[in-house]
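Participant: Quick one, what's the 3D model for this:
(2 chains, ligands or ions: 3)
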Amino acid sequence: MAERYLTCPLCGFGFEPEDALCAHGCPLRSHCALVRCPACDYEFAEQPGRGSWWRRLLGSGTAEATDGECEALSVDQLRAGQTASVLSLSGSRNKLAVFGLVPGIEITLLQRRPACVVQVGETELALDREIARRILVRRPGGPPAEPEGILGTGGG
Amino acid sequence: MHRLLLVGNPNVGKSVLFKNLTGRYVTVSNYPGTTVEVVRARTQLGDRSVEVIDTPGINDLAAANDETRVTSAMLERHPEDVIVQVADARNLRRALLLTMQLAELDRPMVLVLNMIDELAAKGGRIDTAALAEELGIPVVRTVAVRNHGTERLAAALPRAAIPSLENVEVPHGAGEYERNRLRLARINELMEGTYSLRQPARPSLAVRLGFWAMHPVKGLLLGALALLGVFWFVGLFGAGTLVDLLETAVFEQRLSPAAITTLDKMLPFPHAHAIEAVPGSVAVPLSPVHEVELFAWQTEALRTGYTLTPGAELTAGQATRRFVHDFLVGEYGALTMALSYALAIVLPIVTTFFLLFSLLEDSGYLPRMAILVNRVFRLMGLNGKAVLPMVLGLGCDTMATMTTRILETRKERIVTTMLLALAIPCSAQLGVLLAMMAALSPAAALAWMLLMAAVLLTVGRLTARVFPGETSEFLLEIPPLRRPQLGNVWLKTRSRIGWYLREVIPLFVAGTAVLFLLDKLRLLERIASFGQPLVVGWLGLPREMANALLVGFLRRDFGAVYVLDAATGPEAILDPLQIFVAMVTITLFMPCFANFLMIAKEHGQRVAWAMTAFIFPFAFLVGGLALRVGRWLSGI
Ligand SMILES: Nc1nc2c(ncn2[C@@H]2O[C@H](COP(=O)(O)OP(=O)(O)OP(=O)(O)O)[C@@H](O)[C@H]2O)c(=O)[nH]1
Ligand SMILES: [Zn+2]
Ligand SMILES: [Zn+2]
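Facilitator: Numbering: from 1, shown residues only, chains lettered A, B, ... in the order given. Ligands and ions are numbered 1, 2, ... in the order given. Reported below is the predicted structural model:
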């Protein structure tokens, strides 16, 4: 799927359109023309390179309509014992894929300290915070989150 | 069909199955990465002689790292072999990912669903027939630890077939990740009709224990408890009670007097051995200072020390006999020193240690330690995964050096190898240390542990600086906690003891022979004077301890046993601070020559020599500093 590999114009994060949150959770579904970078939450049209300089400067997404719907957080932001489905991976993705950890799969956070331990299927994986931050999952049902700090840390 | 290649994910039971098929034992442990080298054996299946090959576990055929290199090379080298893929039945998804990768090789295959017992315990089901239909290869169910299903596997082997599974359509230019994703999508379809799993409502005790072991507080408590258990069993019971029993009751009271009497009869020359009362006792240790004595006794026994009959002149024949006599039962005698060290001191220690260690290995506890130490290891340019080779190093540093292959970057492998060679004591030495702690004081033991930890940290940091490169991210599969299989624990302990003794006895005999010759040639005295500035001046030890350091070069546990003998034997010549200094110095020595060879094999001659050139001077440096700090502390 190399030809459909997208790069976020704001933070340079590379991902596949399937992993873009809008395509998954936005009420407009496939009619939504925007994709949202899973790493920094910036939304842009699928043709890369269209982010204007002031957007980059301000750095935040546009479409209010999707806020609250397209919610994602990284695994280490789950509570211990919570299960959520994976939205996207970044970094060395294949290292996770060989354990069966790919977008679409359910994953449970077993503990966060001293290192994160997640369960995927029947496999328990211990991983660094840095890896955990790059596994984005759909916010599990429950109390709505505070508006900021969803993808928070560092903004990409 | 000439050859079977056992291939599969790590820790799925390949090595157990290998043993079932061939009767040959290879190390089986409950963590990924136990098998690092290919193991082969011939066996008779039906009317044919077949070679079976056990390979290191892999998760991804395409990954080009050290871990998978051995297995991929094996697959390439023997293109006509039958692939027997071993799978953990609970974890069908991951197994099928490998199946699909293997299927692309277009070679005859059989799929073994192992650990059916654990699948059943989880309330899982696999429709084997449907799966075989979909894959187009025979699928066999086994419970390898109970040797169930081995005949079924043997019967299915002739039906091995090239999988009929059509390969996934991969767009041009797609990377390995995209491929695996597509494969996994296909696997979801495959599993829909063939696999189901019901999670139990209440986690079992093993599962809960498994959680505790990873918990920041409970995990540390559990770790401390495990350490205490090892200390009691190995340091107090093994190195105390058992060693006393073997050393006094067997060697000093029976074997050596008998050997001395026999030799004196066979090789007469005018001399008389000293006779002393040798006390023996059997006691159950409670703590380093408390023990319950069960019984005690005393026997008059012949000692190795003797005096020549006054006024007698030795003829040439008598002198020769005396030489042989001394070689076997003298002060540096093959029987009275080498064998009594190896069998009365090392054997009980390694037996108790390996027994506990195998239990720990089989329980699956060790990888959980990696989680606890990950942060600390980061400081040394390592990640938690490196704790596996390090803990294995407590068994044998040489074997552990080979296990560093499970680490991802060269930098991590080198740092770990260095720390193994420097500061991780191996089984016999650890036992001697524990015994000495018991004899010495808990404070000294604590000081030794803290010092080693400090050395590990500083040298680890320095090595990480010297060797440029990245530390890989910490990603480690945690095996389930399992009740150890006592049969396996026993087999593993036995094979390790056997291997250890085979390695230790010849070296101990050779080392003793060297000491004996040097002594006869009056060179030992010379070496002691030559080493005086270092041994007496810098380390503050009595001159005789030059011997311990000398044999310590050969094998550091030999040196440690020598120190133990000098520290707790009948003629104790060391005070507590000296024991401490001697132990610190010898612990930091390179373990043994075999270890040097292994480092050279894994990382090249240059690295091996560089490490040696650093390790020995560093050992003396730290030993001397420990003495000075110790003196200063006792001065205030
Ligand atoms: N319950 C159960 N446990 C099993 C079975 N087969 C193997 N085991 C356990 O699984 C663990 C791993 O077995 P090994 O044979 O060392 O696995 P391996 O595939 O050779 O592992 P690597 O060499 O590390 O790749 C051990 O603790 C075995 O006792 C089985 O059928 N049932
Ligand atoms: Zn971005
Ligand atoms: Zn194995």
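Participant: Give me every residue in the stretch 151-300 of chain B lying close to chain A.
Facilitator: For the stretch 151-300 of chain B, the residues in contact with chain A (Cβ under 8 Å from any Cβ of the partner chain) are B:171-178, B:180-181, B:184, B:197, B:211, B:214-216. Quick note: C-beta positions are derived from backbone N, CA and C, even for glycine.
Participant: What about the residues you listed, which are in helices?
Facilitator: Counting by DSSP state H, the part of those found in helices is B:176, B:177, B:178, B:180, B:181, B:184, B:211, B:214, B:216.
Participant: what's near enough to touch the last one?
Facilitator: Read it as residue B:216. Residue B:216 sits next to A:113, A:114, B:372 when contact means Cβ atoms under 8 Å, 6 or more residues apart in numbering or on different chains.
Participant: circling back: any quick PyMOL command for the buried ones out of the residues of the stretch 151-300 of chain B next to chain A?
Facilitator: Selecting only the buried entries of these in PyMOL, with 16 or more other Cβ atoms under 10 Å in any protein chain shown as the criterion:
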select buried, chain B and resi 174+176+177+178+180+181+184+197+211+214+215
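Participant: Closest one to ligand 2 out of the residues of the stretch 151-300 of chain B next to chain A, please.
Facilitator: residue B:177 (19.2 Å; Cβ to the ion).
Participant: which one of the contacts of residue B:216 sits closest to residue B:274?
Facilitator: The closest of those to residue B:274 turns out to be residue B:372 (Cβ to Cβ; 53.8 Å).
Participant: dump the residue contacts of the closest one.
Facilitator: Contact partners of residue B:372, counting by Cβ under 8 Å, 6+ apart, are A:114, B:214, B:216, B:219, B:220, B:223, B:384.
Participant: that older thread, output the ones in helices among the residues of the stretch 151-300 of chain B next to chain A in TSV, with distance to residue B:512 and pLDDT appended to each entry.
Facilitator: Output for these, formatted as TSV (distance: Cβ to Cβ, whole Å; pLDDT from 0 to 100):
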residue	distance to residue B:512	pLDDT
B:176	56	82
B:177	59	84
B:178	63	84
B:180	58	86
B:181	63	86
B:184	61	88
B:211	51	79
B:214	47	78
B:216	49	77
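Participant: For the residues you listed, which two are the farthest from each other?
Facilitator: For these, the farthest-apart pair by Cβ to Cβ is B:178 and B:216; their separation is 37.6 Å.
Participant: So chain A: which segments form each domain?
Facilitator: A:6-45, A:71-138 (automatic domain parsing).
Participant: same check, this time on chain B
Facilitator: Taken from automatic domain parsing, chain B resolves into B:3-197, B:219-359, B:401-634.
Participant: how long is the shortest one end to end?
Facilitator: Right, domain B:219-359. 18 Å (Cα to Cα, to the nearest Å).
Participant: Wondering if that domain reaches ligand 1 at all.
Facilitator: No - Domain B:219-359 is not in contact with ligand 1 by Cβ under 6 Å from any ligand atom; minimum separation 10.5 Å.
Participant: where does the residue nearest to residue B:392 when sequence neighbours are not counted land on pLDDT?
Facilitator: Counting by Cβ to Cβ, 6 or more residues apart in numbering or on different chains, residue B:400 is the residue found nearest to residue B:392 once chain neighbours are left out, at 4.1 Å. pLDDT for residue B:400: 82.
Participant: What residues does chain A have near chain B?
Facilitator: Chain A has residues A:1-3, A:91-100, A:102-103, A:110-111, A:113-115, A:117, A:121-128, A:130-131 near chain B, with proximity defined as Cβ under 8 Å from any Cβ.
Participant: In the stretch 251-400 of chain B, where is pLDDT below threshold?
Facilitator: Counting by pLDDT under 70, the stretch 251-400 of chain B contains low-confidence ranges at B:287-289.
Participant: Tell me which residue in it sits closest to ligand 3.
Facilitator: Residue nearest to ligand 3 within the stretch 251-400 of chain B (Cβ to the ion): residue B:361, separated by 12.4 Å.
Participant: And for that residue, the neighbour number?
Facilitator: A count of neighbours around residue B:361, defined by other Cβ atoms under 10 Å in any protein chain shown, yields 24.
Participant: backbone phi and psi for it, please?
Facilitator: phi -60, psi -40 (degrees, to the nearest 10).
Participant: That one is in contact with residue B:354, isn't it?
Facilitator: No - at 9.8 Å, residue B:361 does not count as touching residue B:354 under the criterion of Cβ atoms under 8 Å.
Participant: in what helix or strand does residue B:444 lie?
Facilitator: Element membership of residue B:444 [criterion: DSSP states H and E] is helix B:442-466.
Participant: Do you know the pLDDT at the residue of the stretch 151-300 of chain B found nearest ligand 1?
Facilitator: Relative to ligand 1, the nearest point of the stretch 151-300 of chain B is residue B:206 (10.8 Å; Cβ to the nearest ligand atom). pLDDT recorded at residue B:206 is 77.
Participant: again, but for residue B:417
Facilitator: 91.
Participant: Now do the contacts for it.
Facilitator: Contacts for residue B:417 were tallied using Cβ under 8 Å, 6+ apart; they are B:401, B:404, B:599, B:602, B:603, B:607, B:611.
Participant: just to confirm, which helix or strand has it in it?
Facilitator: Applying DSSP H and E as the criterion places residue B:417 in helix B:410-423.
Participant: And residue A:136, by the same measure?
Facilitator: strand A:135-138.
Participant: what do you get for residue A:73?
Facilitator: Per DSSP H and E, residue A:73 falls inside strand A:72-74.
Participant: Just the C-alpha atoms of the helix holding residue B:417, please, in PDB.
Facilitator: Provided in PDB are the C-alpha atoms of helix B:410-423 (Å, rounded to 0.1, in the frame of the first residue of the first chain):
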ATOM      1  CA  ARG B 410      25.600  -5.000  18.800                       C
ATOM      2  CA  LYS B 411      26.100  -2.400  21.500                       C
ATOM      3  CA  GLU B 412      23.700  -4.200  23.900                       C
ATOM      4  CA  ARG B 413      25.400  -7.600  23.100                       C
ATOM      5  CA  ILE B 414      28.800  -6.200  23.800                       C
ATOM      6  CA  VAL B 415      27.900  -4.400  27.000                       C
ATOM      7  CA  THR B 416      26.100  -7.500  28.400                       C
ATOM      8  CA  THR B 417      29.000  -9.800  27.400                       C
ATOM      9  CA  MET B 418      31.400  -7.400  29.200                       C
ATOM     10  CA  LEU B 419      29.300  -7.300  32.400                       C
ATOM     11  CA  LEU B 420      29.000 -11.100  32.300                       C
ATOM     12  CA  ALA B 421      32.700 -11.600  32.100                       C
ATOM     13  CA  LEU B 422      33.400  -9.000  34.800                       C
ATOM     14  CA  ALA B 423      30.900  -9.000  37.600                       C
END
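Participant: For that helix, list every residue counted as buried.
Facilitator: Using 16+ other Cβ under 10 Å as the test for burial, helix B:410-423 gives B:411-423.
Participant: go on, stretch B:600-617?
Facilitator: Buried residues in stretch B:600-617, counting neighbours by 16+ other Cβ under 10 Å, are found at B:600, B:602, B:603, B:607, B:608, B:610, B:611, B:612, B:614, B:615, B:616.
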